[in-house]
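Student: no letters, just coordinates:
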């Protein structure tokens with residue numbers, strides 16, 4: 001798997017690297033990008049076999065909110081069958097392992113996690129990257145990760161977990177910090193098999209009876225913004241965990257992508273000043289991804305295929321950022337003038353930022369400047 005492989009003629013300053021579920025976790029945790037969620041009842045076999053979504057690098061088959069409880073048996077059967085068909089195709093030589101996205105199952109509960117685990121065969125683990133745990137908190141964290149550890153030991157195969165922080169204990173201020181620090185203490189014991197920490201902004205919003213409109217970002221919703229801020233504070237410090245951005249709910253994008261003119265100040269400035277680039281849904285998504293990155297999120301949950309190209313493109317690192325990061329990591333200390341001579345690079349305070357930029361550059365590539373985002377779209 002490789003980001004932007006649908007753009008073979010694009011000239012990167014530094015090209016993105018290949019990755020799969022066995023890639024070193026230090027890099028792999030940055031590679032998920034736009035993670036597409038879909039109901040586990042959906043037959044996704046042809047999409048993978050035919051390469052119908054070349055920008056798809058990670059996907060989640062959902063057994064929780066996306067399906068009815070009565071459909072659970074059929075969903076489990078469909079998901080296990082899907083894994084089997086993908087493995088069959090790889091072994092038969094009709095499907096390249098290099099184009100299979102990272103595949104995850106979002107379970108419904110610890111009980112259902114144990115149940116579906118019984119349906120897994122060793123061959124399934126060749127293509128299953130891991131599990132996503134909803135409504136994750138101190139009350140169920142040990143159940144989820146204890147069983148996940150047992151699966152890793154049983155199969156002798158790396159199987160990752162990704163908790164979703166979205167419960168009421170996190171939403172409400174009087175409980176939040178105790179809950180978050182408690183979750184972190186548990187995850188620290190399972191850090192080697194925790195790939196990403198994810199956030200559920202829709203569930204957090206529901207606790208307050210609010211929903212962001214198409215003209216707002218999640219950062220405009222004060223109660224949810226506080227939750228996200230505290231999650232980042234607890235989990236992203238010193239780059240200990242990579243936290244993925246929340247879902248954007250709107251998808252009015254048509255198949256004909258006709259972009260407006262950028263202002264002289266560039267792509268980011270055009271979006272933040274609300275100069276129209278495409279339409280309200282896409283512009284809102286792009287604006288929120290920019291704010292995600294500014295706050296330290298990497299990648300984003302998505303629920304519509306039209307979001308793939310936008311989220312993944314914006315993860316690419318521009319040359320100026322990359323050269324600053326390389327300069328910072330290559331210096332012994334002190335303060336140096338940036339290569340472009342337009343900013344101060346202070347070595348010690350900027351090192352964590354530089355490490356994150358370099359890892360993102362490996363995963364998504366380095367591009368000349370902001371105008372290249374449109375070419376990647």
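Tutor: Received, thanks. What you see is a predicted model; the values in this text were computed from it and never measured.
Student: centre-most residue in the chain?
Tutor: Central residue of the chain (CA atoms, centre = their mean): residue 299, 3.7 Å from the mean position.
Student: isn't that one right up against residue 308?
Tutor: No - with contact taken as CB atoms under 8 Å, residue 299 and residue 308 are classed as non-touching, separated by 11.5 Å. Every residue, glycine included, has its C-beta placed from N, CA and C.
Student: confidence score at the residue nearest to the centre of the chain?
Tutor: Looking at residue 299, its pLDDT reads 97.
Student: helix, strand or coil: sort out residue 59 for me.
Tutor: Three-state call for residue 59 (DSSP: H, G, I helix; E, B strand; the rest coil): strand.
Student: partners of it in the sheet?
Tutor: Applying DSSP bridges to residue 59 gives these bridge partners: residue 36, residue 103.
Student: who's in contact with the residue nearest to the centre of the chain?
Tutor: 30, 32-35, 58, 196, 242, 244-245, 311, 315 (CB atoms under 8 Å, 6 or more residues apart in numbering).
Student: for those residues, could you give me TSV that also reports distance to residue 329, pLDDT and neighbour count?
Tutor: What follows is the contacts of residue 299, written out as TSV (distance: CB to CB, whole Å; pLDDT from 0 to 100; neighbours: other CB atoms under 10 Å):
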residue	distance to residue 329	pLDDT	neighbour count
30	16	98	24
32	23	98	29
33	23	97	28
34	27	97	28
35	28	97	27
58	27	97	24
196	23	97	27
242	18	98	27
244	24	98	24
245	25	97	26
311	26	97	24
315	19	97	26
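Student: who are the packing partners of the host helix or strand of residue 75?
Tutor: In the assignment (DSSP states H and E), residue 75 maps to helix 72-92. Packing partners of helix 72-92 (3 or more CB pairs under 8 Å, 6 or more residues apart in numbering; DSSP states H and E): helix 45-49, strand 58-62, strand 102-106, helix 110-117.
Student: which parts of the helix or strand containing residue 205 are buried?
Tutor: Assessed by DSSP H and E, residue 205 sits inside helix 201-206. Neighbour-count burial for helix 201-206, with 16 or more other CB atoms under 10 Å as criterion, is recorded at 201-205.
Student: follow-up on the earlier one: of the contacts of residue 299, closest to residue 111?
Tutor: Closest approach to residue 111 among the contacts of residue 299 (CB to CB): residue 196, at 23.5 Å.
Student: hey, where'd the helices end up in the stretch 151-300 of the chain?
Tutor: Ranges of helices in the stretch 151-300 of the chain, per DSSP state H, counting those that start in this stretch, are 168-171, 173-188, 201-206, 222-235, 267-272, 280-295.
Student: and the fourth one, how far from the chain's centre?
Tutor: Centroid separation between helix 222-235 and its chain, computed with CA atoms, centre = their mean, to the nearest Å, is 17 Å.
Student: who's in contact with it?
Tutor: Outside helix 222-235, the residues that reach it (CB under 8 Å, 6+ apart) are 165, 170-171, 173, 176-177, 180-181, 183-184, 197, 199, 201, 204-205, 207-208, 210, 212, 218-219, 241, 243, 246, 295-297.
Student: over to the second one?
Tutor: The set of residues external to helix 173-188 that reach it, using CB under 8 Å, 6+ apart, is 136-138, 141-142, 145, 163, 165, 167-170, 194, 197, 226-227, 230-231, 234-235, 241.
Student: that older thread, distance to residue 373 added to the helices and strands packed on helix 72-92, as CSV?
Tutor: Converted to CSV, the helices and strands packed on helix 72-92 look like this (distance: least, CB to CB, whole Å):
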stretch, distance to residue 373
helix 45-49, 25
strand 58-62, 20
strand 102-106, 23
helix 110-117, 38
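Student: what's the closest of the ones you listed to residue 338?
Tutor: Across those, closest to residue 338 is strand 58-62 (CB to CB), at 33.1 Å.
Student: elements contacting that closest one?
Tutor: strand 34-39, helix 72-92, strand 102-106.
Student: so the last one versus helix 72-92, what angle?
Tutor: I take that to be strand 102-106. Interaxial angle of strand 102-106 relative to helix 72-92 (axes from the mean of the first three to the mean of the last three CA atoms, to 10 degrees): 170 degrees.
Student: return the distance of strand 102-106 from the chain's centre.
Tutor: That offset, for strand 102-106, works out to 12 Å (CA atoms, centre = their mean).
Student: and that strand, what does it pack against?
Tutor: strand 58-62, helix 72-92, strand 128-133, strand 160-165.
Student: gap between residue 77 and residue 63?
Tutor: When distance is defined by CB to CB, to the nearest Å, residue 77 is 12 Å away from residue 63.
Student: these two: which is more packed in?
Tutor: residue 63 (28 against 13; other CB atoms under 10 Å).
Student: next up, the contacts around the more buried one.
Tutor: 40, 72, 75-76, 79, 105-108, 112, 116.
Student: any chance of a markdown table for these, columns neighbour count?
Tutor: A markdown table is the format used below for the contacts of residue 63 (neighbours: other CB atoms under 10 Å):
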| residue | neighbour count |
| --- | --- |
| 40 | 28 |
| 72 | 18 |
| 75 | 23 |
| 76 | 21 |
| 79 | 24 |
| 105 | 24 |
| 106 | 22 |
| 107 | 25 |
| 108 | 20 |
| 112 | 17 |
| 116 | 20 |
